[in-house]
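**Q** sequence and predicted model, in that order:
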Amino acid sequence: MMKKHWLFSLMMFACFMLAGVMVLRQPGSVFANAPVPDPNMPGNGQGIFAEILIFMVLLGTASLITMILELIIALIFRLKPVWWVIPVNLVSNLIFNLLLIVCCYLMGIRYGTYILVGEIVVIVLEYLVYTQIYRDTGRKRLAAYCIVANLVSAAAPLAAAVMVLD
């Protein structure tokens with residue numbers, strides 16, 4: 001049963017990577033004016049590989065940090081078995097970031113609006129999933145966990161940006 005969860009997560013990750021490559025080439029993207037490699041020239045084709053690699057590293061790093069933070073918070077809230085937080089967080093994180101690309105870059109929705117509404121939706125959906133997984137845990141504790149974990153993981157990139165830019 002667990003293998004299906006990881007397979008689904010990997011499929012979502014692959015879809016997210018493909019969507020990211022398309023977004024990187026959209027007008028307004030950092031890479032929009034980058035020259036398109038000529039397939040007839042020797043040695044070309046590395047440009048798109050580099051873009052995919054950069055995108056994967058950024059997404060992987062963000063997902064890993066989010067999973068670690070939410071796993072630590074799950075330990076504090078004493079959720080058992082705690083390992084369920086990993087696949088739930090991985091799937092919700094990948095879907096959230098995929099929709100971020102679609103909504104902000106392709107549909108023109110403001111980033112702040114998406115983050116605010118998206119985090120609320122993630123909190124509610126994760127709460128619904130966790131109530132099915134952790135049936136013996138109180139609903140108030142699960143709600144508190146979902147709120148705290150998602151607020152901390154949403155604030156972490158902002159705190160990192162402030163430290164870097166300061």
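**A** Yep, it's here.
**Q** use CA for all of it now, contacts and neighbours both
**A** OK.
**Q** next SSE after the longest helix belonging to the chain?
**A** Ranked by residue count and defined by DSSP state H, the top helix of the chain is helix 46-76. Beyond helix 46-76 on the C-terminal side, the first helix or strand identified by DSSP states H and E is helix 85-100.
**Q** could you check the angle helix 46-76 makes with that next one?
**A** On the basis of axes from the mean of the first three to the mean of the last three CA atoms, to 10 degrees, helix 85-100 is oriented at 130 degrees to helix 46-76.
**Q** give me the contact list for the very next helix or strand once past helix 85-100.
**A** Using DSSP H and E, the helix or strand that follows helix 85-100 towards the C-terminus is helix 111-133. Applying CA atoms under 8 Å, 6 or more residues apart in numbering, the set of residues contacting helix 111-133 from outside is 84, 88, 92, 96, 100, 103-104, 137, 139, 142-143, 146-147, 150-151, 154.
**Q** got phi/psi on residue 138?
**A** Residue 138 adopts backbone torsions of phi -60, psi 140, taken as degrees, to the nearest 10.
**Q** that one: neighbour count?
**A** Per other CA atoms under 10 Å, the neighbour tally for residue 138 reads 10.
**Q** where does this structure have its least confident helix or strand?
**A** The least trusted helix or strand in the chain, going by mean pLDDT, DSSP states H and E, turns out to be helix 2-24, with a mean of 51.
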